[in-house]
Every structure is written in structure tokens, then in C-alpha cells.
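Undergrad: this is a predicted model, with the sequence first.
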Amino acid sequence: MVASPLHAAPTRRSPRRATTDTGVLAGIFISYRRADSSGHASHLYDRLADRFGEPRVFMDVDSIDPGTDFSERIESAMESCNVCLPLIGAGWLQATDQLGRGRLEDSGDLVRMEIEAALSRESTRVIPLLLDGADMPAAASLPNSMAALSRIQAMVFAHASWGHDFERLVSILEPEVPATPAAAERGGRSEALVIGPYRCERLIGRGTLGPVYLARHAALNRKVAVRLLDEVLADDPKLRERFLRSANSAATFDHPNALPVLDAGEANGRLYVVVRYVGGLDIGAVVARNGALAPVRVAGIVTEAAAALDAAHERGLVHRHVRPTSVILATERGVEHAYLTGFTSATAGVADLHAGGTWPPGAEERMLTGVRYRAPEEIRGEDIGPACDRYGLGAIAWEALAGVPPFRRRSTFETMSAIVFEPPPSIRSVAPLLPEAVEPVLARALAKDPAERFPLAGTFAQALHSALDL
């Protein structure tokens with residue numbers, strides 16, 4: 001929460017930017033409204049700071065220089081944290097300003113800005129905490145930019161002492177946030193997760209199968225991305241075997257626009273895959289932050305991602321989960337490049353994940369979010385092939401050009417039904433400045449029948465480039 005005359009912080013310890021001793025940002029962001037939960041926020045801050053170390057817990061921006069954009073400071077603060085904890089009390093939704101207007105209706109409301117920033121970041125886990133008997137707000141009662149908050153499983157803090165509830169929260173936070181050395185020594189915990197020769201520094205993403213960490217090779221001092229198979233899923237022998245088999249298959253695939261697999265195996269009881277780390281953001285996060293992208297930029301991204309997909313398909317490798325988080329945008333020497341990632345989950349589908357009846361924490365939510373980019377035949381339970389990947393690329397292109405996904409409905413069931421039965425929507429109804437020639441290209445890319453789609457991802461990219469008159 002940003003401190004201001006109307007939104008002042010409770011007087012406790014001096015909250016600081018969450019950062020590790022090596023300069024790697026990693027921590028917990030507490031979002032609260034003073035009139036609703038300032039006392040709870042102070043109590044929670046003190047307990048989390050004691051457990052993880054003060055540098056790991058962020059509650060207030062210490063100062064804001066004159067002329068500084070509040071949204072920029074909030075975004076900067078959120079970038080330092082892996083987890084955002086919105087504190088929702090009985091009066092959180094009903095809070096009004098001095099004129100009687102609902103605070104959340106104001107796009108400049110600081111709490112709204114904090115939560116919007118957290119929801120827009122793939123690497124930030126949002127865990128709402130319900131206080132004083134408060135209920136989770138319905139999507140209809142929230143601004144559209146915050147509606148996703150209503151779909152996140154919240155934690156209820158029911159006990160006055162917070163003993164049991166706090167320990168449950170800590171058990172969730174421990175894999176996400178490393179404790180400082182002093183706090184780790186007090187709690188008997190290690191400062192960072194170590195997987196074989198890789199020291200995990202911070203969480204940078206969360207796939208359906210498990211978390212992804214920025215890590216460093218102990219001997220080579222090289223940054224890499226380490227993808228772990230969630231411990232819940234690792235209990236399934238079939239999934240373990242498929243996870244490693246897909247990693248081995250992906251390791252044989254090399255393309256300039258695909259992040260290569262560098263290592264895979266099991267260490268400290270955890271299955272892992274190591275891929276090249278390039279930094280940057282996925283295209284979904286870029287669109288969430290900036291809205292629709294320039295057509296020339298989208299054409300370039302689609303062309304590079306399409307080249308990687310076609311090369312993979314030639315090798316018999318099907319991605320299965322092409323969605324915005326699968327395309328990483330990184331700038332190297334002043335030039336933006338698109339990288340396809342996520343081939344290591346290529347052999348695990350929806351049925352594989354849910355076969356055991358148990359989802360890892362947050363996996364179901366991430367799976368349901370990805371439904372928007374799944375091909376009709378996958379939703380129908382039919383065989384999955386390269387055409388599914390090309391459909392996903394078409395959905396990504398649609399969203400990047402329009403700023404919103406092609407199929408947006410109130411529920412997952414309605415979204416799946418629309419994908420299977422309804423024709424692709426007109427993109428010019430959302431982005432009227434796009435050329436008319438774009439309509440039939442995207443309609444073909446999102447065709448219900450796989451045989452009616454473009455035969456190659458590269459063919460789609462070329463058609464899109466021409467339709468955009470570039």
C-alpha cells in the first residue's frame with residue numbers, strides 16, 4: 001500500500017522493499033485499506049517479518065517524490081514481490097471516498113492499483129485473506145480489471161490469535177519466499193531452495209505442472225530457469241515418467257526461437273527441468289500491462305513463434321499448451337525476440353493432471369485460465385496434434401492485436417462452450433482500426449475443424465503479415 005495523506009500506514013516497523021541480500025528481489029506484498037484492516041495489516045506484517053525477515057515483507061512505499069506517478073511506484077514495488085496478500089475485511093468492498101463514491105470505482109484508488117498490478121504479473125501469486133467474517137467479493141461487484149480476484153481461492157483468518165491460520169499461510173509462502181539468513185536460523189529453515197547444482201533465487205512463473213524459478217548454477221555461476229514438477233503430481237508414477245520423457249524429447253529440439261532444455265533429472269526428491277533463461281516477460285503480461293500491441297510488433301512475434309512451432313512439429317513434438325505465457329519476449333542488443341517455452345509439459349494433458357483426483361495448489365486455476373486458448377477438439381476430448389498448437393498461436397495473435405482474448409465469458413463452462421460451438425468473434429468489433437483483411441485470416445486460424453486451419457504455423461504468420469499490410 002502506498003502511503004499518502006488519505007491512505008496512511010499504521011505506525012509499526014519501517015517496512016522496506018523486499019529484497020534478498022544478493023540484490024535479488026523476492027518477497028511478500030501486503031495490500032490493505034486503512035479504514036478496513038490497518039490493525040490486521042500491522043499484526044500480519046510483524047509476524048511475517050519475524051518469520052521471513054523484514055527485508056522480505058513489503059507494506060508501504062517509504063516515500064513518493066513530487067511528480068512521481070503512483071502507478072509506476074506500485075508496479076515497481078510489485079516487481080519486488082512473489083506474493084501479494086490482499087487483506088479483505090467486512091468494509092473492504094463498501095469503502096467510499098469523501099464524496100460517497102465507491103473507492104474501487106476510481107481507477108486511481110491505491111488498493112485497486114495494487115491488486116491490478118499483482119493480477120497482471122504471471123510471476124506474482126495472489127492470496128486473498130478474508131478477515132472478520134468477510135466474504136469473497138463477487139466478480140460483478142468488482143471492476144473488470146479486478147474480476148479475476150473473485151476466482152482465486154481465498155484463505156479465511158477466523159481465529160483471533162491467528163495461530164493455526166497463520167501457520168497455514170506460512171506453509172504456502174515458504175516455497176515462494178526465501179527467508180533472510182537471520183530469520184532462517186531462527187526458524188531452522190534454509191535460505192533458498194537448492195536443486196542439485198542449482199540455487200533457486202526467486203519464483204518467476206508458475207505453470208500447470210509446477211513452479212518455475214530463476215536459478216544459478218553453483219559452479220558455472222550461470223543464470224537458468226528451473227521448472228519443478230509439483231510434489232503432489234510427483235506422487236503419480238505415470239506423470240513422473242512422462243515429465244522426464246517429455247524433457248528428454250524437448251532436449252533434442254534446438255531452434256533459435258525456442259528456449260533449449262539444458263538439464264533434467266531428480267535431486268533432493270524433486271523432479272526438475274532446466275532451460276535457458278532470457279529474462280523479459282511473456283506476451284500475456286505485456287498485453288495485460290500495455291493493452292493491444294502494435295500490428296507490426298505482433299506480426300514479428302507470431303512469425304518467430306510460428307517458426308519454432310513448425311520446427312517442433314517436423315520433429316514430431318507437439319507443445320499442447322500454446323498460450324500467452326508460452327511466448328517470452330526478451331530484448332537483446334536493442335532487438336526484441338520471441339521465444340517459445342513450455343515444451344517440457346508437452347506429454348501431460350488435462351486428463352493426465354486430474355486422473356488422480358488431486359490438483360496441486362493453484363493448478364486448477366491456471367488450467368482453467370488456459371482454457372481460453374485451447375482448441376475445440378481438445379475440449380471435446382479428441383486427439384491432440386499440431387493443429388491444436390496452431391489454434392493456440394491464432395488465439396495469441398487475436399489477443400495481442402485486440403488487447404483481450406477472443407472468447408471471454410463469465411465462467412469456464414461458458415468459455416469452453418463458446419470455443420466449441422460459436423464462430424470466432426470479429427476482431428474489428430474490438431479493434432476497428434485493423435484492416436478488414438485480418439478478419440478472414442484470424443477466422444481461419446481459429447476454425448473449429450482442424451482441417452480448415454492453416455496447414456503450417458508459418459503459413460498463418462505470412463497471411464497475417466500480408467493482411468496487416470506490412
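TA: Cool, the structure landed. All values reported here derive from a predicted model rather than from experimental measurement. Residues are numbered from 1 along each chain as shown.
Undergrad: count of neighbours near P197?
TA: Applying other C-beta atoms under 10 Å, we find 15 residues neighbouring P197. In this view, the C-beta of every residue, glycine as well, is placed from N, C-alpha and C.
Undergrad: er, R270 I mean
TA: What R270 shows, counting by other C-beta under 10 Å, is a neighbour count of 18.
Undergrad: got the end-to-end distance for stretch 88-105?
TA: Length of stretch 88-105, first residue to last, C-alpha to C-alpha, to the nearest Å: 16 Å.
Undergrad: repeat that for stretch 84-102.
TA: 23 Å.
Undergrad: equivalent analysis for stretch 101-112, please.
TA: End-to-end for stretch 101-112, by C-alpha to C-alpha: 14 Å.
Undergrad: go on, stretch 119-134?
TA: Per C-alpha to C-alpha, stretch 119-134 runs 21 Å from first to last residue.
Undergrad: how about stretch 80-89?
TA: Start-to-end, stretch 80-89 (C-alpha to C-alpha) is 25 Å.
Undergrad: pull the strand ranked longest in the chain out as PDB, backbone CA atoms only.
TA: For the chain, the strand that runs over the most residues, judged by DSSP state E, is strand 198-207. The C-alpha coordinates for strand 198-207 follow below in PDB (Å, rounded to 0.1, in the frame of the first residue of the first chain):
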ATOM      1  CA  TYR A 198      21.100 -25.100  -9.000                       C
ATOM      2  CA  ARG A 199      20.400 -22.500  -6.300                       C
ATOM      3  CA  CYS A 200      16.900 -21.100  -6.800                       C
ATOM      4  CA  GLU A 201      16.800 -17.300  -6.300                       C
ATOM      5  CA  ARG A 202      13.200 -16.300  -7.000                       C
ATOM      6  CA  LEU A 203      10.000 -17.500  -8.400                       C
ATOM      7  CA  ILE A 204       9.500 -16.200 -12.000                       C
ATOM      8  CA  GLY A 205       6.400 -18.200 -13.100                       C
ATOM      9  CA  ARG A 206       4.000 -20.900 -12.400                       C
ATOM     10  CA  GLY A 207       2.900 -23.500 -14.900                       C
END
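Undergrad: mind giving me the packing neighbours of that strand?
TA: Using 3 or more C-beta pairs under 8 Å, 6 or more residues apart in numbering; DSSP states H and E as the contact test, the elements touching strand 198-207 are strand 210-217, strand 223-228.
Undergrad: between strand 198-207 and the strand or helix carrying V287, find me the angle.
TA: Secondary structure assignment for V287, by DSSP states H and E: helix 283-290. Angle, helix 283-290 to strand 198-207, by axes from the mean of the first three to the mean of the last three C-alpha atoms, to 10 degrees: 70 degrees.
Undergrad: any buried residues in the helix or strand following helix 283-290, and which?
TA: Downstream of helix 283-290, the next assigned helix or strand under DSSP H and E is helix 295-314. Within helix 295-314, the residues that count as buried by 16 or more other C-beta atoms under 10 Å are 295, 297-313.
Undergrad: would you mark the buried spots in the very next helix or strand once past helix 295-314?
TA: Remark: after helix 295-314, the chain's next helix or strand is strand 327-332, criterion DSSP H and E. For strand 327-332, a neighbour-count test (16+ other C-beta under 10 Å) marks 327-329 as buried.
Undergrad: centre of the chain to strand 327-332, how far?
TA: Offset of strand 327-332 from its chain centre (C-alpha atoms, centre = their mean, to the nearest Å): 16 Å.
Undergrad: ok, now which ones touch R227?
TA: 207, 209-212, 272-275, 344 (C-beta atoms under 8 Å, 6 or more residues apart in numbering).
Undergrad: quick check: mean pLDDT across stretch 111-123?
TA: What stretch 111-123 shows for mean pLDDT is 86.
Undergrad: now what about it, what contacts it?
TA: Against stretch 111-123 from outside (C-beta under 8 Å, 6+ apart): 1-2, 29, 31-33, 70-71, 74-75, 78-79, 82, 84, 86, 103-104, 106-107, 124, 126, 143, 145-146, 148-149, 203-206, 281-282, 284-285, 288-289, 325.
Undergrad: please repeat the previous calculation with a cut-off of 6 Å.
TA: 31, 33, 71, 74-75, 78, 84, 86, 104, 124, 126, 145-146, 148, 204-205, 282, 285, 288-289, 325 (C-beta atoms under 6 Å, 6 or more residues apart in numbering).
Undergrad: now these: which count as buried?
TA: 31, 33, 71, 74-75, 78, 84, 86, 104, 124, 126, 146, 148, 204-205, 282, 285, 288, 325.
Undergrad: the longest strand of the chain pairs with which strands, and in what direction?
TA: strand 194-195 (antiparallel), strand 210-217 (antiparallel) (DSSP bridges).
Undergrad: run through who's touching the first one.
TA: Taking C-beta under 6 Å, 6+ apart as the criterion, the residues outside strand 194-195 that touch it are 226, 267, 270, 272.
Undergrad: buried members of these into ChimeraX, please.
TA: To isolate the buried ones among these in ChimeraX, judged by 16+ other C-beta under 10 Å, type:
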select :226,270,272
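Undergrad: among the contacts of strand 194-195, which one lies nearest to A437?
TA: V226 (43.3 Å; C-beta to C-beta).
Undergrad: pull the contacting residues for the residue lying closest to the closest one once chain neighbours are set aside.
TA: With C-beta to C-beta, 6 or more residues apart in numbering as the criterion, V226 has its nearest non-adjacent residue at 4.4 Å, and that residue is A215. Residues counted as contacts of A215 (C-beta under 6 Å, 6+ apart) are 198-200, 224, 226.
Undergrad: follow-up on the earlier one: so for A418, which of the helices and strands packed on strand 198-207 sits nearest?
TA: strand 210-217 (29.4 Å).
Undergrad: what about the closest one, distance to the chain center?
TA: 15 Å.
Undergrad: residues making contact with the stretch of helix or strand G265 belongs to?
TA: Following DSSP H and E, one finds G265 within strand 261-267. Here strand 261-267 makes contact (C-beta under 6 Å, 6+ apart) with 195-196, 247, 250-251, 273-275.
Undergrad: repeat the analysis, applying 7 Å as the threshold.
TA: Applying C-beta atoms under 7 Å, 6 or more residues apart in numbering, the external contacts of strand 261-267 come out as 195-196, 224, 244, 247-248, 250-251, 272-276, 344.
Undergrad: what are the pairing partners of that strand, and which direction each?
TA: Within its sheet, strand 261-267 is paired with strand 270-276 (antiparallel), according to DSSP bridges.
Undergrad: list the buried ones in the partner strand?
TA: 270-275.
Undergrad: repeat for stretch 91-109
TA: Burial within stretch 91-109, assessed by neighbour count using 16+ other C-beta under 10 Å, is assigned to 92-93, 95, 103-104, 109.
Undergrad: return the closest of those residues with respect to P237.
TA: P237 lies nearest to W92 out of the buried residues of stretch 91-109, by C-beta to C-beta, at 44.8 Å.
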